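Enquirer: got a predicted structure here, sequence first:
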Amino acid sequence: MNEPALITARGLRKSFGPTEALRGVDLDVRRGEVLAVMGPSGSGKSTLLHCLAGVLVPDSGTVEVAGRSVSGLGEAARSRLRLTEFGFVFQFGQLLPELTAADNVGLPLLLNGTPRARARTAAGAALARLGLQDAGEKHPTELSGGQAQRVAIARALITRPKVLFADEPTGSLDSLAAENVLTAMLDLVREDGTTVVLITHDPRTAAYADREVIVRDGRIGAVVA
Ligand SMILES: Nc1ncnc2c1ncn2[C@@H]1O[C@H](COP(=O)(O)OP(=O)(O)OP(=O)(O)O)[C@@H](O)[C@H]1O
């Protein structure tokens, strides 16, 4: 018998004013799967990711993660869920410039109530897993683009989230740096068994995923196994 999906979305619809960003999306994401979400600009990829991750509430339809409703929760409970169960990586501007790399990485643990010393030790270990053991005391402006994305990945994974939501995580990097950062990220998530929803425009990035879905006009247009 098939294992139930970790993420189950049914009938998702979301409009912004007159714009129908999602027009009835059904999607299952299996536990431990790396799913690439592709599709043209404006097709609804980020809106889908935000609905799956409890950042946005769909106008109708449901999202469940591990059998628990996400779409039915209030703002405070969704915020808590995002902090404890999910990790996020975006294309740009996600590190706090006034904090060192190590403090950026340890921040989710501090917000979870972890004591400062333990958060610092964990941040050092998380940076080391991404080959950044010497960068902990640097500030974001002192890091290359690829290093900054690795720091963001370390921060997203430090809570050992069930799901990593990544929106064009290597979209700001040149192709060599992008490939290095992507493979480093995927090595870690595969080691930890983390489920990944990865938005990308780049077919070479999508080729690293276990499966691809294509979003067109707010619907899932094609599934490539
Ligand atoms: N907060 C918002 N307010 C108004 N319109 C929005 C908002 N967010 C998204 N949209 C609109 O919804 C549609 C889908 O946007 P979305 O960002 O989900 O697409 P996308 O596929 O992720 O695009 P891109 O690849 O360019 O990031 C677009 O027409 C967009 O302009």
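Expert: Ah, there it is. Residues are numbered from 1 along each chain as shown.

Enquirer: residues near G113, how many?
Expert: Residues lying near G113 (other CB atoms under 10 Å) number 7. For every residue, glycine as well, the C-beta is placed using N, CA and C.

Enquirer: list phi and psi for it.
Expert: Geometry field for G113 lists phi and psi as phi 90, psi 10, criterion degrees, to the nearest 10.

Enquirer: check L111 too.
Expert: On the backbone of L111 - angles per degrees, to the nearest 10 - the values are phi -70, psi -30.

Enquirer: grab the nearest non-local neighbour of it.
Expert: Once its chain neighbours are removed from consideration, L111 has its nearest residue in L83; the separation is 6.0 Å (CB to CB, 6 or more residues apart in numbering).

Enquirer: wait, that neighbour touches L110, no?
Expert: No - at 10.9 Å, L83 and L110 do not qualify as touching, with contact defined as CB atoms under 8 Å.

Enquirer: measure the nearest residue to S41 once chain neighbours are set aside to G72 for me?
Expert: By the measure of CB to CB, 6+ apart, the closest residue to S41 outside its immediate chain neighbours is H201, 7.8 Å from it. Remark: distance between H201 and G72 (CB to CB, to the nearest Å) = 32 Å.

Enquirer: about what we covered before: ok, now which ones touch the residue nearest to L111?
Expert: Counting by CB atoms under 8 Å, 6 or more residues apart in numbering, L83 makes contact with P108, L111, N112, T159.

Enquirer: tell me which helix or strand the residue positioned nearest the centre of the chain sits in.
Expert: What sits nearest the mean C-alpha location of the chain, by CA atoms, centre = their mean, is F165, with 1.6 Å. If you go by DSSP states H and E, F165 is part of strand 163-167.

Enquirer: contacting residues around the strand or helix carrying E179?
Expert: Assigned by DSSP H and E, E179 belongs to helix 175-192. Outside of helix 175-192, the residues within contact range by CB under 8 Å, 6+ apart are 34, 89, 129-131, 144-146, 149-150, 153, 157, 160, 164, 166, 169-171, 173, 194, 196, 202, 204-205, 208.

Enquirer: could you report the pLDDT at P97?
Expert: Reading off the per-residue confidence, P97 sits at a pLDDT of 94.

Enquirer: contact partners for it?
Expert: P97 sits in contact with H139, P140, T141, where contact means CB under 8 Å, 6+ apart.

Enquirer: do you know how far it is from the ligand?
Expert: Look at P97 and the ligand: by CB to the nearest ligand atom, to the nearest Å, they are 24 Å apart.

Enquirer: repeat that for S172.
Expert: Using CB to the nearest ligand atom, which is the criterion applied here, S172 is 13 Å from the ligand.
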